[in-house]
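Colleague: okay, sequence plus prediction incoming.
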Amino acid sequence: MTPGAASAGPLALVGGDEFRPGNEPQDERLVAAALALDGERPAFIVASAAVRHDPDRAVATARAWFERLGLALEELPLRTRRQAADRAIVERAASGRFFYLAGGDPGQVVRILEGTPAWDAIVGAWRGGAVLAGSSAGAMALGSWTLIRARYPGDARRDARPALGLVPGLAVVPHFETFGHRWVPEARDAMVAAGGVLVGLDERTAALWSDGGWRGYGPGAVTVLGNVERKFTTGERIEGLPSPVTAV
C-alpha cells in the first residue's frame, strides 16, 4: 500500500455511458463510501468535459441517476477556468465528499482544471477520504496523458497530451469495446515510448481503486494493454495499473 493510501477515498475510472443502467456495480460502491462520510458534506457532479455539448443535461442526468441510488448531487460549477479560481467555489469543493467528472470532450477537463485551486481542493478532499470518479473524458483526464483526436472528426488517430496526472504513467481508452479499441495501435506505441500503461475500459465498466489496489466492476472488461493484453472482469483484482498519487 502506498503512503497515505489508508486516508484516500475510492477512485473510479469508468469507460463511458455513465448514469445509465449497468453502472450499478461500481456506482453503488461509490455511493456507499460517500454515505459513510459526514452527511452534511456535499456530493458533486462536475460537467467540465461537457461544456461544448450540453452541460445542463449532463448535470440533470447525473442527479437523477444518483438520486435513484440514494445520493443527492449538486453541480460544482467548473465550466471555466475563472470558476475554477473562484474562492467560494474552491471552498465548496474542499468540503465535498463525492466528485464525479462526467464525460464529453477529452481536452476540456484538463484545459479548465489543470493547475487551478479548485482541482487542488478536489484532490485534497479525495486524499482526505472523499470519493472521486471520472467517466470517459473525465476518466481520461485523471491519468498522465489524455488521448486527443489527432486531426478531424472521425479520425481514429489520437495524440497523447499531458493530463492531470493523478494516476501517473497511465492513459485511459474509454468505450473500448465499441470504438476505443481503434485508438490502440498508435496509442500503445506512444505509451511504450513514454514508459506508460494503456488501459481499455468497456462502457459502463470501471477500474476502481480502493484499499491500495484496483478491481474491475461492471458488465464489461478492463483491458491492460502492454506487450501482452490482459483482461479483468467484475470483482477481479487488476494487475499492471499504477497506483494514484495519494499523498504529496
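Modeller: Looks like it arrived, so ask away.
Colleague: so which bits of stretch 54-67 are buried?
Modeller: By neighbour count on 16 or more other CB atoms under 10 Å, the buried set for stretch 54-67 is P55, A58, V59, T61, A62, R63, W65, F66. C-beta: built from backbone N, CA, C; applies to glycine.
Colleague: for L142, see how far away the fifth one is.
Modeller: Looking back up the chat, that one is A62. Distance, A62 to L142, by CB to CB, to the nearest Å: 17 Å.
Colleague: list the buried residues of the worst-scoring helix or strand of the chain on mean pLDDT.
Modeller: For the chain, counting by mean pLDDT, DSSP states H and E, helix 184-194 ranks last in confidence among helices and strands (a mean of 74). Judged by neighbour count using 16+ other CB under 10 Å, the buried positions of helix 184-194 are V184, E186, A187, R188, A190, M191.
Colleague: list the contacts of it.
Modeller: 144-145, 147, 157-160, 171, 173, 197-198, 200, 225 (CB atoms under 8 Å, 6 or more residues apart in numbering).
Colleague: and the next helix or strand past it?
Modeller: Helices and strands here follow DSSP states H and E; after helix 184-194, the next one along the chain is strand 197-201.
Colleague: just checking, what packs against that next one?
Modeller: strand 11-14, strand 167-173, helix 184-194, strand 222-225 (3 or more CB pairs under 8 Å, 6 or more residues apart in numbering; DSSP states H and E).
Colleague: right, and the helix or strand after the last one?
Modeller: Next along the chain after strand 222-225, taking DSSP H and E as the criterion, comes strand 229-232.
Colleague: pLDDT of that following strand, averaged?
Modeller: Strand 229-232 carries an average pLDDT of 93.
Colleague: partners of it, with directions?
Modeller: strand 222-225 (antiparallel) (DSSP bridges).
Colleague: give me the contacts around the strand it pairs with.
Modeller: Against strand 222-225 from outside (CB under 8 Å, 6+ apart): 173, 176, 184, 188, 191, 197-202, 205-207, 216, 229-233, 238-241.
Colleague: tell me how far it is from the chain's mean position?
Modeller: 16 Å (CA atoms, centre = their mean, to the nearest Å).
Colleague: give me the distance between F232 and V167.
Modeller: F232 is 16 Å from V167, by CB to CB.
Colleague: so between these two, which is more surrounded?
Modeller: Just comparing F232 and V167: by other CB atoms under 10 Å the higher neighbour count belongs to V167, 25 against 21.
Colleague: is the more buried one in contact with A207, as I believe?
Modeller: No: using CB atoms under 8 Å, V167 is not in contact with A207; the gap is 9.4 Å.
Colleague: give the residues shared as contacts by these two.
Modeller: L13, L241.
Colleague: got the phi/psi numbers for W145?
Modeller: W145 adopts backbone torsions of phi -130, psi 140, taken as degrees, to the nearest 10.
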